[in-house]
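A.B. asks: Sequence isn't available, so here's the structure alone:
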């Protein structure tokens, strides 16, 4: 039995040290990590994966802590993956995570792990997806993936979560406006955290208007929230009951207020996913994404290898600068033999 | 002579209709566009390419119009590529561009073209880069690429521009804060447009502080502008004269105020690029990027073709859902024969 096989066995037997080592191998892309993740896959599919995203300062860390503690009180096991943004400009948040992790050492029913968001092509999503599989195979009931809602991460989180909750800080009319450009599509629930602060009611009202507007006219982006239909809003409307409207929950993470309600909403969503077959549909989309991302990364690596074998990129750049060739001709030169070989193989296979 | 060859000849002979048709072929990825761009490459490298980016409402369109008109008055020819953001939420801006284009019909010394920012892997940068080559080969003296500064575009613009100017609307302390996360690195100049509005002076002051802070400590992202060293700022400091500090120019695009100064700054930058060898270094980086992007896109297409030949992605997803296989094993199965073929070819080539 190889070391990695016994590592898997230990993980499946519930040893947290093995889980930690597997995630480290996954994060570092250590030799053998692919086989590890391959073997884990067979044991996945049971956990509920919740994505929590939102701007820095929205109170994600505190809320996730309270969610985890509440799940634990109910006897459920929890894994948390917190994504460290790669930007050096948010060093404070990273430090915060580290401190938070330390405070949970010793209580292994909540397994915390900070992971870097570094990595190029599919870097974040691939290693995070793999780590979620490790937690799922381990047998964690609930897995929470926490990301700073900065650009692409917000969209990537959907790849690995069954349910996505978007945190919105109160009193941030501008933030609600900015949310429009893609967050609305991925939010299964909105959480107005720090709901005890001034402006929380207005933020809830603006979120409601935004959710209604989407239903009324999916492409109605010209209307700002201010220019949209104002008047009285109630939480239910009938113009589109096919599509599920994301509920808006108010919480005060510091005191734990609203956390029970949030967990109830997440449980409702999990039921809805099962009842409508959406859980399976999302899993399929995720697997398709995973396969495509891996194929892209692997073929990019293969191309890189071929480029190196041909003397490296710099030589080609020299020739392009000298106008002896051009980028398209270079791409054709490097890839044409590959394409030819692939097609020959395929023909041989089909004969 | 094929139709495309005569099209190139007409473009090189200065026919604007041929230029327009070439860019349409480039934008639509029409059959033969790769060969067209390959042939153009030999005639490029003469134009100065300026990128103008900034948030919606910063006044980019008006400023670019005034820049183009001023260049023209000096007897220079100008090409403008305005990138339509793909988001449906900025429909207004797109309409604005179209109207602006129409108002310039008949004056072909300024060639305006709106291009869509749609497109997946390298989509924006590749077709825009190719269109810039068409304008360059045509013989335009100045090429302006105008993009909405929304996320990735801001960074992509560097790939095709010699000089990047970032527009900042006045009175937007928050915007200056938000600029930090990547814009600072790509800006060769900052333009505070609408400098007649309240708050312009403060914005200029904040930009100066930001530029100085970067020089003092490149990773000093923890300090907000407010928390940073305040006190009196003067435009010059001596702590780092190796690196060029991006100048800050105030303009009122509507009246044309400051446009001459902006063009002088851009000309200075072009001289600096030549004198320091940075122009050549940037061109090399651009060509390396172009080659990599093309190789990635082409190999992704090849993988897609192989996936189809094997029955399509859906069949693999079925097997992953049924836990008969997993994403890594699928990637290995699809790519292993490709990798093998590539290595066999390489060995044969090296014998």
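C.D. replies: Arrived safely, thanks for sending. Since we're looking at a predicted model, the values are computed, not measured.
A.B. asks: mind listing what residue A:291 touches?
C.D. replies: B:313, B:316, B:317, B:320, B:327, B:330, B:331 (CB atoms under 8 Å, 6 or more residues apart in numbering or on different chains). For every residue, glycine as well, the C-beta is placed using N, CA and C.
A.B. asks: same deal with residue A:346?
C.D. replies: B:306, B:309.
A.B. asks: pLDDT (mean, whole number) over the host helix or strand of it?
C.D. replies: In this structure, residue A:346 sits in helix A:327-350 according to DSSP states H and E. Averaged across helix A:327-350, pLDDT comes to 87.
A.B. asks: Show me what counts as buried in it.
C.D. replies: Neighbour counts using 16 or more other CB atoms under 10 Å in any protein chain shown place A:327-332, A:334-335, A:337-339, A:341-342, A:345-346 of helix A:327-350 among the buried residues.
A.B. asks: Residue A:49 and residue B:264: what is the separation?
C.D. replies: 56 Å (CB to CB, to the nearest Å).
A.B. asks: between these two, who's got more neighbours?
C.D. replies: Neighbour comparison, residue A:49 and residue B:264: the larger count goes to residue A:49, with 26 against 12 (by other CB atoms under 10 Å in any protein chain shown).
A.B. asks: Now do the same for the more buried one: helix, strand or coil?
C.D. replies: Classification of residue A:49 using DSSP: H, G, I helix; E, B strand; the rest coil returns strand.
A.B. asks: you'd agree residue A:244 is up against residue A:273?
C.D. replies: No. Applying CB atoms under 8 Å as the test, residue A:244 and residue A:273 come out as separate, 9.8 Å apart.
A.B. asks: Neighbour count for these two, which is higher?
C.D. replies: When neighbours are counted by other CB under 10 Å, residue A:273 comes out ahead of the other of residue A:244 and residue A:273, with 20 against 14.
A.B. asks: Please tell me I have it right and that one contacts residue A:267.
C.D. replies: No. Counting by CB under 8 Å, residue A:273 does not reach residue A:267; the two are 10.6 Å apart.
A.B. asks: which residues in the stretch 251-351 of chain A form helices?
C.D. replies: A:259-276, A:278-309, A:313-321, A:327-350 (DSSP state H, counting those that start in this stretch).
A.B. asks: The stretch 1-150 of chain A too?
C.D. replies: Going by DSSP H, counting those that start in this stretch, the stretch 1-150 of chain A shows helices at A:3-12, A:16-28, A:33-41, A:60-73, A:91-104, A:123-138.
A.B. asks: who's in contact with the shortest one?
C.D. replies: By CB under 8 Å, 6+ apart, the list of residues contacting helix A:33-41 from outside reads A:4-5, A:7-8, A:11, A:22, A:25-26, A:130, A:133-134, A:136-137, B:320, B:323, B:326-329, B:332.
A.B. asks: Same question for that helix: list its buried residues.
C.D. replies: Going by 16+ other CB under 10 Å, helix A:33-41 has these buried residues: A:33, A:34, A:35, A:36, A:37, A:38, A:39, A:40, A:41.
A.B. asks: just the residues you listed now: which is nearest chain B?
C.D. replies: Chain B has its nearest neighbour among the buried residues of helix A:33-41 in residue A:41, at 3.5 Å by CB to the nearest CB.
A.B. asks: Report the beta-bridge partner residues of residue A:167.
C.D. replies: residue A:54, residue A:191 (DSSP bridges).
A.B. asks: which residues sit in contact with it?
C.D. replies: A:52-55, A:58-60, A:63, A:149, A:190-193.
A.B. asks: again, only this time at 10 Å
C.D. replies: A:52-55, A:57-60, A:63-64, A:146, A:149, A:187, A:189-194, A:251, A:253 (CB atoms under 10 Å, 6 or more residues apart in numbering or on different chains).
A.B. asks: ok, now residue A:246?
C.D. replies: So residue A:246 contacts A:164-166, A:184, A:186-190, A:207, A:210-211, A:214, A:265, A:269 (CB under 10 Å, 6+ apart).
A.B. asks: again with residue A:335
C.D. replies: A:303, A:306, A:342, B:294, B:295, B:298, B:299, B:301, B:302, B:342.
A.B. asks: now the first one: how far from residue B:125?
C.D. replies: Read it as residue A:303. Residue A:303 is 18 Å from residue B:125, by CB to CB.
A.B. asks: do the same with the third one
C.D. replies: Relative to residue B:125, residue A:342 is positioned 26 Å away (CB to CB).
A.B. asks: Residue A:30 now?
C.D. replies: 33 Å.
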